[in-house]
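>>> Structure for this input, please:
(one chain, ligands or ions: 1)
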Amino acid sequence: MPVGYDEAIGIFWVYVAGDLRLPQRRMLKSPGLLSRTHEEAMPQLAQRIGRAKPSAIMVIAETAKQLKASGRDIISFSIGVPNFLPGDHVYAAAREALSHDSGQYGSNRGSDALLDAFLKHIEALGFTGYGRLNLSVGIGAKQVLYNLAEALLNEGDEICFPAPYWTTYHDIADIVGAKANVLHCGPDQNYKLTPQQLQAALARKPKVFLFNNPSNPTGMVYTREEIAALAEVLAQYPDTWIITDDIYNSMVFDGIGYHNFVFARPELRDRLIFVDSISKTYGMPGWRVGLIAGPENVAKAVTTLNSNHITSVPEVIAAAAIAALSGPQDVPQAKCKEFAQKRDVVLAALAKIPGVVCPRPQGAFYAFPDISVAFGKSHHGTRIENDVEFCAALLGTKGVACVPGSAFGEPRAMRISYTCPTAQLAPGLARIAEFFAELS
Ligand code: PLP
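Model prediction:
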């Protein structure tokens, strides 16, 4: 099965007659499909567009959706959506807001009511002593992270983050022209960053250290002790901003708890930005609200950027977010329990596949098994050399969509997002086991 970069189809994944390709992290002279001569006669897009590419996760999810629409029996473990809806009180708040909608622009920082609801929410997590001026909002954590990159990174600055990483980190770094220093944390170290790795990375004085806990794609959660050990190292390097993208903080299993560097070393507050979102916790990814808590100058910078692009979070959306953050928490709590049970089902199924190793996830809703035992083998005559070919063959023959690990900087693995309806989970896992059993 041919896999690789193809100038003619540019930066898109394609799924044509069993062929699935990853967008390449590579500079394009031009992202267009047009011939050189025609292109040269046209106005050129900005160089940063040559560095931008569509989210690999969205593309495979879209491919799976299209196959399903064409009548194929597809089980999707691809996109990281929580797959539940928020409680009734959230819809009631949105309806109520609609009934007296002002129809006006809102605050660039976020309405006072939204900021106050977020303050209470983060206080319950352990972030004390923050005020409205430490906060800002955005259209989802993704846009907030993009804003932070714009606010903190000059072109050529270094940003470091552990791999496996959420794909967007690298993409945003590329777009703003920052240099990404990826810190590889393989399955042999449970996909977790060690203090020694962090020390070596910070010695290069990066402008930003970006950290994600619980992790997408691995589901790993750092213990209190692990966070404290990393915080000790961070405290020694005052030149580096710290972003903790912890949007899965309410989805932590096994009583391990959510921990942040500032809980261990409060002085890190002056340069640490905590990122949160209503997307995963409340089953509201389409409502698009992300939030930060950090130093006042950073919150102000993000607010200024907002004033120049999004302006504000819409009033009705803000009302729903306030209800989610400050209303009953029974839906997220029940879902957290359900995801822990599903995690157990996934791990039990993977443990039965010879050679597949899956460090035990303790949060979010992902598992990230090392599938490299399959590389160099064939499935019904199709040779599988890497994760992309593996996922293409799995989708093509078994109708199960998973995301290749190379999208997250770890080509030995693939991501299973297990929020599908419970009835699909065991059959989907059985198909994966069947696929492995058919390798020769
Ligand atoms: N950060 C991580 C680690 C994520 O997994 C995601 C979404 O998948 C986001 C941020 C973006 O979340 P939002 O929906 O709030 O933009």
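>>> And whichever residue of the chain sits closest to the ligand, how far from Arg288?
Ranked by Cβ to the nearest ligand atom, the top residue of the chain for proximity to the ligand is Gly140, at 2.8 Å. Quick note: C-beta positions are derived from backbone N, CA and C, even for glycine. In this view, Gly140 and Arg288 are 4 Å apart by Cβ to Cβ, to the nearest Å.
>>> Tell me the residues that contact both of the two, please.
Common neighbours of Gly140 and Arg288, using Cβ atoms under 8 Å, 6 or more residues apart in numbering, are Ser279.
>>> For His380, see how far away the residue of the chain closest to the ligand is.
41 Å.
>>> The two - which one has more neighbours?
Gly140 (22 against 11; other Cβ atoms under 10 Å).
>>> quick one: contacts for the more buried one?
Ser277, Ser279, Pro285, Arg288, Val289, Gly290.
>>> could you redo the last one with a cut-off of 7 Å?
Residues near Gly140 by Cβ atoms under 7 Å, 6 or more residues apart in numbering: Ser277, Ser279, Arg288, Val289, Gly290.
>>> Report how many residues lie close to the third one.
Read that as Arg288. Neighbours of Arg288 under the rule other Cβ under 10 Å: 20.
>>> Equivalent analysis for the fourth one, please.
Look at Val289: counted by other Cβ under 10 Å, it has 29 neighbours.
>>> which residues touch it?
Contact partners of Val289, counting by Cβ under 7 Å, 6+ apart, are Val137, Gly140, Ser277, Ile278, Val313, Ile317, Ala321.
>>> Excluding chain neighbours, what is closest to the fifth one?
So that's Val313. Closest residue to Val313 apart from its sequence neighbours, by Cβ to Cβ, 6 or more residues apart in numbering: Val137 at 5.3 Å.
>>> For the one you found, what is the enclosing helix or strand?
Per DSSP states H and E, Val137 falls inside strand 135-138.
>>> cool, Ile49 as well?
Counting by DSSP H and E, Ile49 is part of helix 47-51.
>>> Return the residues of the protein in contact with the ligand.
80, 140-142, 166, 212, 216, 245, 247, 277, 279, 285, 290 (Cβ under 6 Å from any ligand atom).
>>> JSON lines for those residues, including secondary structure and distance to Gly376?
Output for the residues of the chain next to the ligand, formatted as JSON lines (DSSP: H, G, I helix; E, B strand; the rest coil; distance: Cβ to Cβ, whole Å):
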{"residue": "Gly80", "secondary structure": "coil", "distance to Gly376": "29"}
{"residue": "Gly140", "secondary structure": "helix", "distance to Gly376": "40"}
{"residue": "Ala141", "secondary structure": "helix", "distance to Gly376": "38"}
{"residue": "Lys142", "secondary structure": "helix", "distance to Gly376": "36"}
{"residue": "Trp166", "secondary structure": "coil", "distance to Gly376": "29"}
{"residue": "Asn212", "secondary structure": "strand", "distance to Gly376": "31"}
{"residue": "Asn216", "secondary structure": "coil", "distance to Gly376": "29"}
{"residue": "Asp245", "secondary structure": "strand", "distance to Gly376": "35"}
{"residue": "Ile247", "secondary structure": "coil", "distance to Gly376": "37"}
{"residue": "Ser277", "secondary structure": "strand", "distance to Gly376": "40"}
{"residue": "Ser279", "secondary structure": "coil", "distance to Gly376": "38"}
{"residue": "Pro285", "secondary structure": "coil", "distance to Gly376": "38"}
{"residue": "Gly290", "secondary structure": "strand", "distance to Gly376": "42"}
